[in-house]
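K.L.:
could you work out the structure for the sequence below:
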Amino acid sequence: MAKAPKDGSRILVTIRSSEQGPAEVDLAYWSNGDQFGGEGWRAADSSPGQIFEYAEPELKCWMPMPSADLNRLSTPSPWEGSDAQQFDGSGI
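P.N.:
Take a look at the predicted model:
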């Protein structure tokens, strides 16, 4: 996540599995902070009307948004690889 863009552009992130559920992929963006909270990773597209904030340790890796493929209308599977340091965003 260290090299993920923090310009507000949307990216795909793998959320680590936890006691709240298995790993999953979400659409997220970096927010510099506003009336909804401080700066950090947020997701609002998956649940319209709700803004989710992710702490850095909750996110395993990221990738840029893929180009549109009209024959495939689903997100990729969560990355299940090791937790070795990944600085290039190549985990998803």
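
K.L.:
check what pLDDT the nearest residue in space to residue 29 that is not next to it in sequence gets.
P.N.:
Distances taken as CB to CB, 6 or more residues apart in numbering place residue 10 nearest to residue 29, at 4.9 Å, with adjacent residues excluded. For glycine as for every other residue, the C-beta is placed from the backbone atoms N, C-alpha and C. On pLDDT, residue 10 comes in at 93.

K.L.:
please apply the same query to the one 4 residues further on.
P.N.:
Here the pLDDT value assigned to residue 14 is 94.

K.L.:
now what about whichever strand or helix holds it, what contacts it?
P.N.:
According to DSSP states H and E, residue 14 maps onto strand 11-15. The contact list for strand 11-15 (CB atoms under 8 Å, 6 or more residues apart in numbering) reads 1, 4-5, 23-29, 41, 43, 54, 58-66, 75-76, 78-79, 91-92.

K.L.:
and what of stretch 29-45?
P.N.:
1, 4-11, 13, 26-28, 50-56, 59.

K.L.:
touching, residue 54 and residue 24? I think so.
P.N.:
No. If you go by CB atoms under 8 Å, residue 54 and residue 24 don't touch, sitting 11.6 Å apart.
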